[in-house]
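# Build me a structure from this.
(2 chains)
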Amino acid sequence: MMGLLGVARTLRERGVMGINERNAEFNLVYNERARYPLVDDKLLTKELATKAGAAVPRLYGVIEIQHQVETLAALLADYQDFVIKPARGSQGDGIVVVVGRSRNSYRLADGALMEQAELEFHVSNILSGIFSLGEQIDRAMIEYRVNFDPVFERITYRGVPDIRIIVFVGVPVMAMVRLPTRAAKGKANLHQGAIGSGVDIATGCTLTAVWRDQIVTEHPDTGNPVQGVQIPHWDRLLEIAAQSYELTGLGYLGIDIVLDRGLGPLILELNARPGLNIQIANRAGLRARLDAVLAHRARLVSIADRVAFARERFAAVA
Amino acid sequence: MSRRHLYVLSGLLAALGIAVFLFKVLVLGFPLQPQEKTLTWRVELRMQFEASGGPAKLRLNLPRSGNSLAVIDQNFVSPGYGLTMGAERSNQTAVFAIREAKGLQTMYYRALVHAVRFPDESAREPVPDLPPPRFEGAAQVAADALVRAARSQSADPETLAALLLKRLNNSAVDGEAGLLLGPNPSIGRVINVAADLLRVAGVPARPVHGVALEPERRGAQFVTWLELHDGRKWMSMLVSEKRPVLPKNTLRWWNGRQPLAVLSGGSGLTHTLAVSRSYEYALDSALDRGRALEQKLVEYSMFGLPVQTQSVYRSLLVIPVGIFLLVILRNVVGVKTFGTFMPVLIAIAFRQTQLLWGVLFFAIVIGVGLSVRFYMEQLKLLLVPRLAAVVVVVVLTLAAISILSQKLGFERGLSIGLFPIIILAMTIERMSIVWEERGALESVQQALGSLVVGALCYMVMKLALVEHLAFVFPELLLVLLAMILLLGRYSGYRLTELRRFRELAR
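Predicted coordinates for the structure are as follows:
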């Protein structure tokens, strides 16, 4: 028992945040309930981001009601590759990434084949809301499949790596790159077994990674070191992140950005309840950084101010 | 901020709860511990009939002391009716009468029954005049033959009665017994005929009706048995061959062939009977002091409710305790479960099935449901029909388990019908999604988590002390509410997070 109390005390000293603390002190305080739909519904997020001039993956089409599922084949006819997502999905559930076609079937990111009927069934499931938060009925969105920047090629197993940045009242406080693994079936979701590599906010260089609550230094499938990869467009990424506060009005959120080979950074989605394993990836506590932001909140007005503050204060400790 | 508001509110709630609790314990003397051996029962009979508009009269037979049970208090609730007590033959009766009554009439009879240790005098009650019955024609011949045969093979009235009952029980193959009883005789009929035959043989005998006193019984049934006088005292005998002895705690109600109640001036008389263990005698002392406030408090407690409702609340009031445990397990320990309150619903179902069987049934239902769900994956059904199909399968599985266990002689299998069917079906659906998206391990882990949490809630809710405290001192739930409110702002680590973040504590 003493051991557990000791662990709790050390964690507290290092400013590590638990889920109760995140919910009680940040989500409930800084995130207005009415604004959740803006991030819970990816279609709304996309609309919002487009209006604000931020780049997002192009939307090919939306299936809203069961009857429309019949039109899926026609809608997809023009595209070789695409992604189907539940608009209100959580934790990456229900996302299908089609990378190409082979005869009448679709080839998926993990190499499996899916027939037209199976794909239609999947869309029906999305509409009935089994992947959505609170199991409300949902919409299926079909969008551009990101042709990802080769920067993470050596430390990715299939799938699309993305960059998650936690933003508190407009200040980017912590970041990580989420790298798909074989265990995650090519998905960039830590819950499903992807690894997350911490990122030095000051430089945009990767640090060590977290895999299933463990600190790792190499990608479990490719065996290459995850550390020391310079993320391109880092300035731009920090700006996009800082801007998301004005975009949504949510004080505490996570923003997921992908790097496209040709199009540069694209906002994939926003998350009002970002996970806490990012702390293990960065070997740093969130609470300590959030408190630093609160202490200087008054002078952190413009986006430039906030990015500068983050780069200065949240550099990785060597 | 809102913290202070919360602390003040929780403090007030807890203080109020504790104050009422202490008052009841210290001043009124309510018992803190459940009685180890409860010696008091409450019996409640509710009668309803449709009055036809004119005068109505209901003659009701009343229970009597005997078989080591004493009726110590009885009261009648019959608005507008005049009540007279009397005796008819060897039964106590109450007569409710009214000049004019129309519409549905409801009346209650309540009695308090104590188990007593002093010697039972009722067996020494004098033998009333019981004239031997008349049989006609063939029946006369059959009766004489039966009695003659039984008498030649028996030594005393007791063995005679046992022999007669044995033959009457075999009426399907026994020609003489069959002739007297007719096809498919009820227990009441067997006993009536047995009493007649004993009287033919010169042994005073009569049917007696009563009710078995059990700790918690809504919709209790009257049972009928045979009473015969062996020359010195009355003795009771049940029809059942396996256990002919009258069980302890059977309250004797009335004897003879007449029904429980006779109605004139109305129709459609029905009655329901409820029995429950009572904490009454500990409360008696509080009531005896006769102070108005205290009496009101008892009246406005759970004990003021009808017995049937009391037994509903007995299980209802422990649910918050289970919920509280769930809150701790989820927010302080960090156990993952399917659905927020699903484990508590499972715990409630376990109250009927008991833990071991409950877990087994749960595993079977989830297993069968999951296999069907995986098979249906191929059929590509839409969500709602698919869920509905799983519900049907779940119901059928429950029915099959009940039937099978009945055949195999496990009575536990019968209570499985109380499983939360819809919740189970939803759980199966969620499990299959998690199974596909996150793998079997995560899915089974969460199911086990739910099961373990359910089992823990059940074990806490089942504790006699918890049940007693929740029922006798419902105000303690205010204290529980205060603690839940405080937990709502608990922002410390969850136990599982200490493990999750252990790398950061190095």
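
# Return the residues of chain B in contact with chain A.
Residues of chain B lying close to chain A by C-beta under 8 Å from any C-beta of the partner chain are B:331, B:334, B:380, B:382-384, B:429, B:433, B:437-438, B:489-495, B:497-505. Every C-beta, even on glycine, is put in place using the N, C-alpha and C of the backbone.

# which of the residues you listed are buried?
Buried subset of the residues of chain B next to chain A (neighbour count, 16 or more other C-beta atoms under 10 Å in any protein chain shown): B:331, B:334, B:383, B:429, B:433, B:437-438, B:490-491, B:493-494, B:497-498, B:500-501, B:504-505.

# Spell out whether stretch A:186-193 and chain B are in contact.
Yes - using C-beta under 8 Å from any C-beta, we find that stretch A:186-193 touches chain B at A:His191, A:Gln192.

# Show residues contacting that stretch.
With C-beta atoms under 8 Å, 6 or more residues apart in numbering or on different chains as the test, stretch A:186-193 has contacts from A:91-92, A:95, A:97, A:109-110, A:157-162, A:178-181, A:183-185, A:194, A:196, A:210-212, A:275, A:277, B:437-438.

# Which helix or strand contains A:Leu44?
Per DSSP states H and E: A:Leu44 is located in helix A:42-51.

# Show me the strands in the chain, by range?
Looking at chain A here, since you left the chain open. For chain A, the strands defined by DSSP state E cover A:59-63, A:82-86, A:96-102, A:105-108, A:113-114, A:140-143, A:162-168, A:171-179, A:195-199, A:206-211, A:214-216, A:252-260, A:264-271.

# The chain in question should be chain B.
Under DSSP E, chain B gives strands at B:40-52, B:56-62, B:69-77, B:82-88, B:91-98, B:102-115, B:205-212, B:216-220, B:222-229, B:234-237, B:250-255, B:261-264, B:266-277.

# Worst mean pLDDT among those strands?
Mean pLDDT is lowest for strand B:216-220 among the strands of chain B, at a mean of 73.

# re earlier: quick one: the strands of chain A as TSV, columns for mean neighbour count, mean pLDDT and distance to chain B too.
Output for those, formatted as TSV (neighbours: other C-beta atoms under 10 Å in any protein chain shown; pLDDT from 0 to 100; distance: least, C-beta to the nearest C-beta, whole Å):
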stretch	mean neighbour count	mean pLDDT	distance to chain B
strand A:59-63	18	94	14
strand A:82-86	23	93	12
strand A:96-102	16	89	11
strand A:105-108	18	90	14
strand A:113-114	14	90	12
strand A:140-143	23	94	13
strand A:162-168	26	95	16
strand A:171-179	28	94	13
strand A:195-199	28	93	12
strand A:206-211	24	91	8
strand A:214-216	15	89	5
strand A:252-260	24	93	14
strand A:264-271	21	91	17
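
# Tell me which of the ones you listed sits nearest to B:Lys57.
Judged by C-beta to C-beta, the one of those that comes nearest to B:Lys57 is strand A:82-86, at 70.7 Å.

# can I have the closest one written out in CSV, keeping just the CAs?
Provided in CSV are the C-alpha atoms of strand A:82-86 (Å, rounded to 0.1, in the frame of the first residue of the first chain):
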residue,chain,number,x,y,z
PHE,A,82,-10.8,6.7,-50.2
VAL,A,83,-11.6,6.5,-46.5
ILE,A,84,-15.1,5.8,-45.0
LYS,A,85,-15.7,7.1,-41.5
PRO,A,86,-18.6,7.4,-39.1
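
# Can you give me every residue that contacts the residue in the stretch 1-150 of chain A positioned nearest to chain B?
Nearest to chain B, among the residues of the stretch 1-150 of chain A, is A:Ser128, at 3.3 Å (C-beta to the nearest C-beta). Residues near A:Ser128 by C-beta under 8 Å, 6+ apart: A:Ile137, A:Asp138, B:Leu382, B:Leu383, B:Val384.

# for the longest helix seen in chain B, which positions count as buried?
The longest helix of chain B (DSSP state H) is helix B:383-408. For helix B:383-408, a neighbour-count test (16+ other C-beta under 10 Å) marks B:383, B:386-387, B:389-391, B:393-395, B:397-398, B:401-402, B:405 as buried.

# Can you tell me, leaving aside adjacent residues, what's nearest to the residue of chain B found nearest chain A?
Chain A sits closest to B:Leu383 of chain B, with a gap of 3.3 Å, by C-beta to the nearest C-beta. Of all residues not flanking B:Leu383 in the chain, A:Ser128 sits nearest, at 3.3 Å (C-beta to C-beta, 6 or more residues apart in numbering or on different chains).
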